[in-house]
Structures are given as C-alpha cells and as structure tokens.
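Trainee: Provided below for reference: sequence and predicted model.
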Amino acid sequence: MQRDKIKVEIKKLSHGKSLPLPCYATMQSAGMDLYAALDDSVILNPLERLLIPTGIVIAIPNGFEGQVRPRSGLAAKHGITVLNSPGTIDSDYRGEVKVCLINLSNQPYEIKRGDRIAQILITPVPEIIWNNIEEFYAKETARNEGGFGSSGR
Ligand SMILES: O=c1ccn([C@H]2C[C@H](O)[C@@H](COP(=O)(O)OP(=O)(O)OP(=O)(O)O)O2)c(=O)[nH]1
Ligand SMILES: [Mg+2]
C-alpha cells in the first residue's frame, strides 16, 4: 500500500545550504530526520539546553502541523531529548525550524554540524470549535473522572 503524498514548500537558509533536506531514514519511516545547521560543533553539558538551528523554513499547509520529536537512539544512548517534546510548528510559521535539545545524562554530549538531532512529522490537525454547554449530552463514560493511575498498575 502506498501512503499519501503531500507537497510542502521548504526553503534552505544560507547556513543550511550544504545540508540535505530532512529525510526519511527508511522508506516507511514516520518521521523525517532534522539536521543540525551549526557552524561549529557545540557541547551540551549535563542538564544544559540549547536551541539548535536546522537551516530550514517550511510552509506547512493549513490543516496540518509539524511535530518535532526526539530520536530514540539519542535519548536511550546519550540522554539527549527534545525539551518541549513534541515541539509544535504552526502552519503559519515562517521562521527557521529550531530544536530545543536538553542533555539529561551526566556526561557532556557533542553536537556536530550535520548531526541528525530530531525528527519532524507533518500531521493533520482539525480546527476545533468549542460547543460550550452546561451538561454533557452523554453523562456517564466507563472512565468518568478516573485518571492518573485509576486503572491500576
Ligand atoms: O520545537 C519547536 C517549537 C516551536 N518552533 C517555532 C514554530 C512554532 O510555530 C513557533 C511557536 O511555537 P510554540 O507555540 O510552541 O511556542 P510559544 O512559546 O507559544 O511561542 P509563540 O508565542 O510564538 O506561539 O515556534 C520551533 O521552531 N521549534
Ligand atoms: Mg504558541
């Protein structure tokens, strides 16, 4: 089965010109990896966070959003994750896509130009129109107000 294809405009900024466009690591990857468009490598010390440029601007179609998610390898091996995960890229944003990385390990971690630091997914997002009522039409649900571990371990 083929998946839907959606064309999205993308512009490389001068500091990202020599880097590849975000790309799928395998044909059926969900996310496209984002590259660090750094001039020089940087060291992320334990508990330090840094906004990393990707060198791209994208024009996401109305009705979609960009989600910037961590890479599991960086998280599991090095404790590097996206602090505001998943980062939200609004469809009307025309600034550079940036990735806020944090080092949650106890070792410094070096990020070099061209490293794949995170992944982006472009996903549909409906516009919600609130229907502000006094009482829900269906009063009971299986869960009702239960949450935060109410179903057990
Ligand atoms: O990981 C991220 C998250 C956001 N952005 C950009 C695109 C997004 O459209 C904009 C605003 O993001 P968000 O709404 O999460 O941040 P905010 O703190 O609410 O800022 P604003 O007041 O600009 O909405 O910043 C990124 O480049 N990377
Ligand atoms: Mg916002």
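Mentor: It's in. Ligands and ions are numbered 1, 2, ... in the order given.
Trainee: count of neighbours near Q28?
Mentor: 7 (other C-beta atoms under 10 Å). Any C-beta I mention is one placed from the backbone N, CA and C, and that applies to glycine too.
Trainee: sorry, wrong one. I was asking about G66.
Mentor: Close neighbours of G66, defined as other C-beta under 10 Å, add up to 21.
Trainee: for the residue nearest to it when sequence neighbours are not counted, give me its contacts.
Mentor: Excluding the flanking residues, the one nearest G66 by C-beta to C-beta, 6 or more residues apart in numbering is I89, at 3.0 Å. By C-beta atoms under 8 Å, 6 or more residues apart in numbering, the contact list for I89 reads I58, I60, E65, G66, Q67, V68, V97, I120.
Trainee: in JSON lines: the residues you listed, plus distance to ligand 1, pLDDT and secondary structure.
Mentor: Shown next, in JSON lines, are the contacts of I89 (distance: C-beta to the nearest ligand atom, whole Å; pLDDT from 0 to 100; DSSP: H, G, I helix; E, B strand; the rest coil):
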{"residue": "I58", "distance to ligand 1": "10", "pLDDT": "98", "secondary structure": "strand"}
{"residue": "I60", "distance to ligand 1": "9", "pLDDT": "98", "secondary structure": "coil"}
{"residue": "E65", "distance to ligand 1": "8", "pLDDT": "98", "secondary structure": "strand"}
{"residue": "G66", "distance to ligand 1": "7", "pLDDT": "98", "secondary structure": "strand"}
{"residue": "Q67", "distance to ligand 1": "9", "pLDDT": "98", "secondary structure": "strand"}
{"residue": "V68", "distance to ligand 1": "4", "pLDDT": "98", "secondary structure": "strand"}
{"residue": "V97", "distance to ligand 1": "5", "pLDDT": "99", "secondary structure": "coil"}
{"residue": "I120", "distance to ligand 1": "9", "pLDDT": "98", "secondary structure": "strand"}
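Trainee: as CSV, those with distance to I52 would be great.
Mentor: Converted to CSV, the contacts of I89 look like this (distance: C-beta to C-beta, whole Å):
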residue, distance to I52
I58, 16
I60, 20
E65, 20
G66, 15
Q67, 16
V68, 11
V97, 10
I120, 13
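Trainee: which strand or helix spans G146?
Mentor: Using DSSP states H and E, G146 sits in no helix or strand.
Trainee: can you tell me how far it is from L83?
Mentor: According to C-beta to C-beta, to the nearest Å, G146 and L83 sit 30 Å apart.
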